[in-house]
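Q: with the input below, show me the fold.
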Amino acid sequence: MEIHSLARGDEFKNSYVQGKSYIHGTSTTSLLFDTIGQRLRLAAKKYPDREFVIFKKENVRKTYKEVLEDSEKLALGLIHLGIEKGDRVGKAKSESQLISSYIYRHLVTQQNEWIATQFGCALAGLILVNVNPMYRTEDLSYAIDKVGIKALLAPPEFKSSEYYNTLKDLIPELEKYPKGVGKITTDSFPKLRHLIIFDTEEDRSYNGAWRYNHVVQLGNAEDRRKLYQIEESVLPDSPANIQYTSGTTGKPKGATLTHHNIVNNAYFVGLRGGYHEKKTIICIPNPLYHCFGCVMGSLSALVHFQTCVFPAPSFEPIAALKAIHEERCTAVYGTPTMYIDMLNHPEFHNYDYGSIRSGIVAGAPCPITLCARLVDDLGMQDLQVCYGTTETSPVSFMSIREDPPEERIRNVGHIMDHLEAAIVDKEGKIVPRGEKGTCLCAATL
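A: As a prediction, the model looks like this:
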């Protein structure tokens, strides 16, 4: 990767080291100092009846008030089960200890319950651990054991993946427990205490697993009192999420992200996208276990009081196209491969995309020809490119709408506000501008 000067006016004055591949995202916009739970409560107070999430395949629509209520119910249920902030010490990285509970979320589907889990864990001061649904037995075992999770939430199956059977392979003791009771102990994972299964079939239960619909009904007045106390103790600098890296250089690494990290990344992504300027409806076909979906997507919509639409439990090109048409989406997210599948779908021309103003492409390099099609065929006049890493929560660079379209699609954009980046050689020295090297990022995001 190379860093080239993309300075625009006085805003970026003094943000460069002369001749070196270093850049500092100076900004006149202050960082937010809120927790995820505080932002959810603020949104529910200001816009209780505004739609926050729309799940097209499930035919579920939730307002900010309803999402807060759902999140509170799960938080109260988890507290009732004894999963509380501060009840143990878990190792997230070798050099740091986090005083909190870990709750693990292995869910490929974009269900309503995912949103409740994302925000319910934040309210209760729990650390949500997202794991790639492509993991099978060995990788899944590593991911669970690495952070010492205390509670595990998962669907029983999805498509060809039978998650509950995979868990039985990892935890043979499950067969010994009665159905519908998820308080467990296992030699395989000494810290694991609870298994919670999502299931739409009300009469279906599993050995050694609580039913989600049962857990959300457990909370009582005492649990609510505890929840309020926990919320007061959760700080913006408290860990909120552990996301595993891709593992291209070895075993996936768990990146610990704080409320401050991801709230601000979501905030500044939304600012660059103009979500604060007018009504925005974001079509998000990306998976929620990934930063693209849960930070740039649902969380960015939250901090800007906007609406997000999830077309299907997993990516389906036709579902995304229908969602844009039916919900009059103004922005669309996707990777290059996802966009190619959408643009090349035989029914592409059957739908109206006139509502689209903008879109984000990220996750892989996007060919200029594809970017041009997104502008011409989907109407993304304000198409923006993002570049980042799991560790940076995730966006490090992003296009700005003021740049000419031809410039926006030829690079990864400008450094994010309040972030620093440099290109270094193998010895860690900053290289001259224009030379290749390793990109280092640092600061609040």
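Q: now the helices for this structure?
A: Counting by DSSP state H, the segments of the chain that form helices are 36-46, 64-80, 112-123, 137-147, 163-170, 212-215, 221-233, 259-273, 291-293, 300-303, 317-327, 336-343, 368-378, 405-408.
Q: what's the mean pLDDT across the longest one?
A: If you average the pLDDT over helix 64-80, you get 98.
Q: over to the first one?
A: In this model, helix 36-46 carries a mean pLDDT of 99.
Q: got it, and the fourth one?
A: The predicted model gives helix 137-147 an average pLDDT of 84.
Q: what helices or strands is that helix leaning on?
A: The elements that helix 137-147 packs onto, with contact taken as 3 or more CB pairs under 8 Å, 6 or more residues apart in numbering; DSSP states H and E, are strand 89-93, strand 102-105, strand 127-130, helix 163-170. Using the backbone N, CA and C atoms, a C-beta is placed for each residue, glycine as well.
Q: one step back: quick check: which of the helices of the chain is nearest to Glu420?
A: helix 259-273 (14.3 Å; CB to CB).
Q: show me the shaky parts of the stretch 151-300 of the chain.
A: 200-202, 247-248 (pLDDT under 70).
Q: give me that answer again for 90
A: 153-166, 191, 198-204, 243-255, 287-291 (pLDDT under 90).
Q: can you tell me the closest non-neighbouring residue to Lys251?
A: Tyr142 (6.5 Å; CB to CB, 6 or more residues apart in numbering).
Q: now swap in Glu231 and tell me
A: Of all residues not flanking Glu231 in the chain, Gly37 sits nearest, at 5.6 Å (CB to CB, 6+ apart).
Q: I'd say the one you found and Leu235 touch.
A: No: at 11.1 Å, Gly37 does not count as touching Leu235 under the criterion of CB atoms under 8 Å.
Q: these two: which is more packed in?
A: Gly37 (25 against 12; other CB atoms under 10 Å).
Q: contacting residues around the residue nearest to the spatial centre of the chain?
A: Centroid-nearest residue in the chain: Cys294, 2.1 Å away (criterion: CA atoms, centre = their mean). Contacts for Cys294 were tallied using CB atoms under 8 Å, 6 or more residues apart in numbering; they are Gln118, Asn130, Asn241, Leu288.
Q: farthest-apart pair in those residues, please.
A: Asn241 and Leu288 (11.8 Å).
Q: more neighbours, these two?
A: Using other CB under 10 Å as the criterion, Asn241 and Leu288 rank with Asn241 on top: 27 against 24.
Q: not counting sequence-adjacent ones, nearest residue to the more buried one?
A: Nearest residue to Asn241 in three dimensions, chain neighbours excluded: Leu257, at 4.6 Å (CB to CB, 6+ apart).
Q: is it correct that the one you found is in contact with Thr392?
A: No: between Leu257 and Thr392 there is no contact under CB under 8 Å: 9.2 Å.
Q: and the nearest residue to Val216 once chain neighbours are set aside, how many neighbours does it have?
A: Nearest residue to Val216 in three dimensions, chain neighbours excluded: Lys73, at 4.2 Å (CB to CB, 6+ apart). Around Lys73 there are 17 other residues, counting by other CB under 10 Å.
Q: same check on Gly428?
A: 10.
Q: now it: how far from Thr438?
A: 9 Å (CB to CB, to the nearest Å).
Q: again with Leu195
A: When Leu195 is compared with Thr438 (using CB to CB), they lie 41 Å apart.
Q: list the contacts for the closest residue to Cys308 other than its chain neighbours?
A: In space, and not counting its chain neighbours, Cys308 is closest to Ala301: 4.3 Å by CB to CB, 6+ apart. Contacts for Ala301 (CB under 8 Å, 6+ apart) come out as Phe52, Gly270, Tyr275, Thr280, Ile282, Thr307, Cys308.
Q: recalculate using a threshold of 7 Å.
A: Taking CB atoms under 7 Å, 6 or more residues apart in numbering as the criterion, Ala301 is in contact with Phe52, Ile282, Thr307, Cys308.
Q: and those residues, which are buried?
A: Phe52, Ile282, Thr307, Cys308 (16 or more other CB atoms under 10 Å).
Q: mind checking which of these are in strands?
A: Mapping those onto strands (DSSP state E) picks out Phe52, Ile282, Thr307, Cys308.
Q: how much space between the second one and Val131?
A: If you measure Ile282 against Val131 using CB to CB, the figure is 24 Å.
Q: the first one now?
A: With distances defined as CB to CB, the gap from Phe52 to Val131 amounts to 25 Å.
Q: with Lys279 instead?
A: The gap separating Lys279 from Val131 is 34 Å, by CB to CB.
Q: again with Asn165
A: 17 Å.
Q: what's the answer for Glu66, then?
A: With distances taken as CB to CB, Glu66 is found 27 Å from Val131.
Q: which of those two has more residues huddled nearby?
A: Just comparing Glu66 and Val131: by other CB under 10 Å the higher neighbour count belongs to Val131, 27 against 19.
Q: the more buried one against Ile242, yeah?
A: No: Val131 is not in contact with Ile242 according to CB atoms under 7 Å; the separation is 9.2 Å.
Q: domain-wise, how is the protein divided?
A: Following automatic domain parsing, one gets these domains for the chain: 10-32+259-443, 64-244.
Q: mind putting those into JSON lines with distance to Gly250?
A: Formatted as JSON lines, the domains of the chain follow (distance: least, CB to CB, whole Å):
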{"stretch": "domain 10-32+259-443", "distance to Gly250": "14"}
{"stretch": "domain 64-244", "distance to Gly250": "11"}
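Q: and of those domains, who's closest to Lys251?
A: So among those, domain 64-244 is nearest, using CB to CB, at 6.5 Å.
Q: so what pLDDT did Ser94 get?
A: Ser94 is assigned a pLDDT of 28 by the prediction.
Q: also Gly413?
A: 94.
Q: quick check: phi and psi at it.
A: phi 100, psi -160 (degrees, to the nearest 10).
Q: next one: Glu316
A: Dihedral angles for Glu316 - degrees, to the nearest 10 - are phi -130, psi 120.
Q: could you number the chain from 248 rather than 1 from now on?
A: Taking 248 as the first residue, the last one we looked at is Glu563.
Q: tell me the contacts of the residue lying closest to it once chain neighbours are set aside?
A: Leaving aside its sequence neighbours, Glu563 sits nearest to Pro532 (CB to CB, 6+ apart; 7.6 Å). Neighbour list for Pro532: Pro558, Phe562, Ala567, Tyr580, Gly581, Met585 [criterion: CB under 7 Å, 6+ apart].
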